[in-house]
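Could you look at this predicted model? Sequence included:
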Amino acid sequence: MPNMKMVAASREENASYMNGLLPIKESFDIIQRDMVIGGRMSSFYFIDGFTKDESMLKIMDSLFHVKEEDMPADATQFSRKCIPYVEVDVLGDFDQVLKNILSGVTCLFIDGYDACIAIDCRTYPARSVEEPDKDKSLRGSRDGFVETIVFNTALMRRRIRDPHLVMKMMEIGNASRTDVALCYMSDRVDWELLKNVSERLNCIQTDDLRMNQQSLAECLFKRKWYNPFPKFKFTERPDTAAACLLEGKVVILVDNSPSAMILPTSIFDMIEEANDHYFPTLTNIYLKSARCLITLLTVFLTPLFLLFMQNLNWLPEVFAFVAVKDTVNIPLIFQLLILEIAIDGLRLAALNTPSMLSTPLSVIAGLVMGEFSVKSGWFNSEVMLYMAFVAVANYTQPNFELGYALKFMRLELLLLTALFNWWGFVIGTVIVICSVAFNKTLSGRNYLNIKLN
């Protein structure tokens, strides 16, 4: 970004400088509108598509009625007396002017005024506020975050009508200049955490946040590639974000992203979902316990099955029925690994399948491929059963990143168990525990909420 100068009193000089900065002739949507206000030449600059036409028509109509003898002495008085609109600001340097124009604000230069008048009558294209597909609730509200940051802050303000709710706006990225909102309750927040997060946000030096929240997360905390467990919790539900704010946590919103980033986080926060806030205590405890148990089973079920199949003499008689009865044409470890990849392939196919074809193709994939892959001898029915449980159980996990972290832990356990038998299973279990226990988050605490040096 070049060094910006101050706004001059000459409208021609200001327009010439702006036309040198903005591609007025090349870009069809960047518009300069010249008109006479109170006997003085004036220029409007705005982005087509970001401006409310009806509001601008009313503002311009009122400006046409301003007489030459009624023109105030400076831009500040003009904005107070002659512009019948709520959000009006006076800008003195071109850096702020350029930022406002590219953000959708209409900027007005009037000959004789050494300042620019910014009229914030912008509107952003936005989808309707609807419940997220991933994070659904049986009894909760049916609204969700959208891609417009102002809408998202309003959704939380609607739920927390407290003067202690603070939402600091900043911009990150030299090229993208993305709006980022840091939200917290000033009377409940952990000030050490807040200071740490604020300093990290202010120190970010990047050209853009091309992937919105993911790019911001990578700038905030450089994760270690060998530990796949996520450092942040994300939610698309404003009620969940509001509940976290009231618990003293910090919420970060990024413009163009329909989700909130929540800090700090632990393994118990990761496996929590929206329904947990809406049910009685006993039901809540049962659901959390069931989710924790299923989460453990998704990691250890297939490795334990492989371990016992490699050591059939360890299998108690009461569980003798779980042993593989059919001929094993392909080693069990390769069956499990192939099915792990096949499940991800089916998941990716489902994401890209048109909705009208998703049901028949799911039937084909589930029945035809499942049944005939067993009959053809590729897989044993027991392996298909346990992998089907793992595939379905993954959807009890509300956090997508945590689901894949658990998958990588399961793969590591399978490989070590196949290579080193029970020693490999023990080593793999230790690695899983260490990955959770030493997964340091932005707050300086691990997944078990224990302070790490």
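Ah, there it is. Numbers count the residues shown, from 1 in each chain.

Now the element after the one helix or strand residue 252 maps to, going C-ward?
Residue 252 is part of strand 250-254, with elements assigned from DSSP states H and E. Toward the C-terminus, strand 250-254 is succeeded by strand 260-263 as the next helix or strand (DSSP H and E).

ok, residues contacting that next one?
Strand 260-263 is contacted by residues 145, 152, 193, 197, 213, 216-217, 232-236, 238, 240-241, 244, 249-254, 269, 441-443 when judged by C-beta atoms under 8 Å, 6 or more residues apart in numbering. Heads up, the C-betas are built off the backbone N, CA and C, glycines and all.

Paired strands for the strand holding residue 252, with orientation please.
With DSSP bridges as the test, strand 250-254 is paired with strand 178-185 (antiparallel), strand 260-263 (antiparallel).

most packed of those?
Sort the strands paired with strand 250-254 by mean neighbour count, taking mean count of other C-beta atoms under 10 Å, and strand 260-263 sits at the top with a mean of 25.

Ranking helices and strands of the chain by mean pLDDT, which lands last?
Scoring the helices and strands of the chain by mean pLDDT, DSSP states H and E places helix 355-363 at the bottom, with a mean of 64.

On the three-state scheme, residue 244 is what?
In the three-state summary, residue 244 is assigned as helix, counting by DSSP: H, G, I helix; E, B strand; the rest coil.

Quickly list what the nearest residue to it once chain neighbours are set aside is bridged to.
Distances taken as C-beta to C-beta, 6 or more residues apart in numbering place residue 262 nearest to residue 244, at 5.0 Å, with adjacent residues excluded. Beta-bridge pairing for residue 262 (DSSP bridges): residue 233, residue 251.

so what's residue 262 scoring on pLDDT?
The model reports residue 262 with a pLDDT of 91.

swap in residue 44?
Residue 44 is given a pLDDT of 95.

picking that back up, distance to residue 327 for the strands paired with strand 250-254 - can I get that in a markdown table?
Shown next, in a markdown table, are these (distance: least, C-beta to C-beta, whole Å):
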| stretch | distance to residue 327 |
| --- | --- |
| strand 178-185 | 58 |
| strand 260-263 | 51 |
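
and of these, who's closest to residue 321?
Nearest to residue 321, of all those, is strand 260-263, at 44.4 Å by C-beta to C-beta.

Can you pull out the residues in contact with the following helix or strand past the closest one?
As assigned by DSSP H and E, the chain's next helix or strand after strand 260-263 is helix 267-270. Residues from elsewhere that reach helix 267-270 (C-beta under 8 Å, 6+ apart): 230, 233, 262, 399, 402, 436, 447-449.

again, only using 6 Å
If you take C-beta atoms under 6 Å, 6 or more residues apart in numbering as the criterion, helix 267-270 is touched by 233, 399, 402, 447.

Closest one of those residues to residue 283?
residue 399 (21.1 Å).

Look up how far residue 58 lies from the closest one.
From residue 399 across to residue 58, the span is 47 Å (C-beta to C-beta, to the nearest Å).

out of those two, which sits in the busier spot?
A direct count of neighbours by other C-beta atoms under 10 Å for residue 399 and residue 58 places residue 399 higher, at 23 against 14.

if we can go back for a sec, lowest-confidence one in the contacts of helix 267-270?
residue 447 (75).

for that one, helix, strand, or coil?
Residue 447 ends up coil, using three-state DSSP.

Distance check, it against residue 139.
Separation of residue 447 from residue 139 (C-beta to C-beta): 29 Å.

neighbour count winner among those two?
residue 447 (22 against 9).

what's the neighbour count on the closest residue to that one other than its chain neighbours?
The shortest distance from residue 447 to any residue other than its chain neighbours is 4.2 Å, reached at residue 267 (C-beta to C-beta, 6+ apart). Other residues near residue 267 come to 18 when the count uses other C-beta under 10 Å.

for the record, mean pLDDT for the strand holding residue 252?
Mean predicted lDDT for strand 250-254 stands at 94.

From the chain's centroid, how far away is that strand?
For strand 250-254, the distance from its own C-alpha centre to the chain's C-alpha centre is 9 Å (C-alpha atoms, centre = their mean, to the nearest Å).

Residues in contact with that strand: which ones?
149, 152, 180-184, 197, 212-213, 216, 241, 245, 260-263.

would you put the C-alpha positions of the helix or strand residue 196 falls within in CSV?
For residue 196, the enclosing helix or strand under DSSP H and E is helix 191-203. The C-alpha trace of helix 191-203 is given here as CSV (Å, rounded to 0.1, in the frame of the first residue of the first chain):
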residue,chain,number,x,y,z
TRP,A,191,-7.7,-11.3,30.9
GLU,A,192,-4.4,-13.2,30.5
LEU,A,193,-6.0,-15.1,27.6
LEU,A,194,-7.5,-12.0,26.1
LYS,A,195,-4.2,-10.1,26.2
ASN,A,196,-2.5,-13.1,24.5
VAL,A,197,-5.1,-13.3,21.8
SER,A,198,-5.1,-9.5,21.2
GLU,A,199,-1.3,-9.3,20.9
ARG,A,200,-1.3,-12.2,18.5
LEU,A,201,-4.0,-10.6,16.3
ASN,A,202,-2.2,-7.3,16.3
CYS,A,203,1.1,-8.9,15.4
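
Understood, closing this out.
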